[in-house]
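**Student:** following is a predicted model, sequence given first.
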Amino acid sequence: MSDLALLDTDILSMFFRGHSSVVSRMEEYTKDHDKVYLSIITYYEILSGLRHIEATRQIEQFLEFCLFNEVVPITLESASIASTHYAYLRKLGTPLDDMDLLIAGIAIENDMTLVTHNMKHFSRIPGLKLQDWRK
């Protein structure tokens, strides 16, 4: 995969739980790329989930992982892209939640492939490149 990969929350969670195909794909990807990318939204979702269950060791592991990889911020442009897709999907009667739309907006703005297991969910967003590392 030559495109930069933006890891969705579900894939990153599977990686940290040691899901074999996700770990394999991550190893394969990092042979060609110095680091992996996650959105600030995924950072928030993972960290808030770990804090909720008071998983101190996993929080430390996650924060260390983030030091060696890149957390991609939300910008005015990615928020604008997300809002366009929100309006489009809402008019169709198939809205997505704000967090997922923001993740998609970040991926589209940065011309990244969103790596997610939730293909059916995200495939409704025109122009979003997708891959599932669980398969």
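**Tutor:** Looks like it arrived, so ask away.
**Student:** for the protein, give me the ranges with low pLDDT.
**Tutor:** Within the chain, the segments meeting pLDDT under 70 span 1-2.
**Student:** show me where this protein has strands.
**Tutor:** Per DSSP state E, the chain carries strands over the ranges 5-7, 37-39, 70-72, 113-115, 129-131.
**Student:** mind putting those in a markdown table, mean neighbour count included?
**Tutor:** In short, each C-beta sits where N, CA and C put it, glycine included. Below are those laid out as a markdown table (neighbours: other C-beta atoms under 10 Å):
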| stretch | mean neighbour count |
| --- | --- |
| strand 5-7 | 25 |
| strand 37-39 | 24 |
| strand 70-72 | 16 |
| strand 113-115 | 24 |
| strand 129-131 | 17 |
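**Student:** for those strands, give me JSON lines that also has distance to I81.
**Tutor:** Formatted as JSON lines, the strands of the chain follow (distance: least, C-beta to C-beta, whole Å):
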{"stretch": "strand 5-7", "distance to I81": "13"}
{"stretch": "strand 37-39", "distance to I81": "13"}
{"stretch": "strand 70-72", "distance to I81": "13"}
{"stretch": "strand 113-115", "distance to I81": "13"}
{"stretch": "strand 129-131", "distance to I81": "13"}
